[in-house]
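>>> Give me a model of this one.
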Amino acid sequence: MAVTWDELAEIARGMPGVESSSHYGTPAFKVKGKMFVRLHQSGAWAVLHVGGLEERDHLVETNPVCYGLTDHYRDYPLVLLRLETADRDEALVALKRSWRLRAPARLRDSPA
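From the prediction side, this is the model:
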């Protein structure tokens, strides 16, 4: 089952410390000022933080239908999530992981 930006946005809004914002002119969500997800300017992808370049490359290699990469993101721990083909459950796990990577410890450790 695919996921929409609106579904990701609804989940993101409910996470501790999250604020709606924009990033490069597109809707985004930040936790304590750090962007953890944004809508790609194409509207077809979400941009998410990952744990590092190796993790990102692993996601792209093992699930290229769901994850992608452009030259622009090659040097950054970010991955593109294709909204129309991403499994909803996997997308939500990726969103929550991205939030955890960017959130301060006091928020990560609080009951949500």
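
>>> which element is the residue nearest the centre of the chain on?
Centroid-nearest residue in the chain, with Cα atoms, centre = their mean: Leu48, separated by 2.6 Å. Secondary structure assignment for Leu48, by DSSP states H and E: strand 45-49.

>>> Could you list the paired strands of that strand along with their orientation?
Each strand that pairs with strand 45-49, with its direction, by DSSP bridges: strand 34-39 (antiparallel), strand 78-82 (antiparallel).

>>> what's in contact with the last one?
Contacts to strand 78-82, defined as Cβ atoms under 8 Å, 6 or more residues apart in numbering, come from residues 40, 44-50, 56, 59-60, 65-70, 73, 91, 94. (Each C-beta comes from the backbone N, C-alpha and C, glycine too.)

>>> at 7 Å instead, please
40, 44-50, 56, 59-60, 66-70, 73, 91, 94 (Cβ atoms under 7 Å, 6 or more residues apart in numbering).

>>> Could you give the separation of the strand holding Leu48 from the chain centroid?
4 Å (Cα atoms, centre = their mean, to the nearest Å).

>>> now the residue nearest to the centre of the chain: how far from Leu39?
11 Å (Cβ to Cβ, to the nearest Å).

>>> Show me what Ser20 is bridged to.
Where Ser20 sits in a bridge, its partners, by DSSP bridges, are Phe29.

>>> Pull out the buried residues from the lowest-mean-pLDDT helix or strand in the chain.
Among the helices and strands of the chain, helix 105-108 carries the lowest confidence by mean pLDDT, DSSP states H and E, at a mean of 87. By 16 or more other Cβ atoms under 10 Å, the buried positions in helix 105-108 come out as Leu107.
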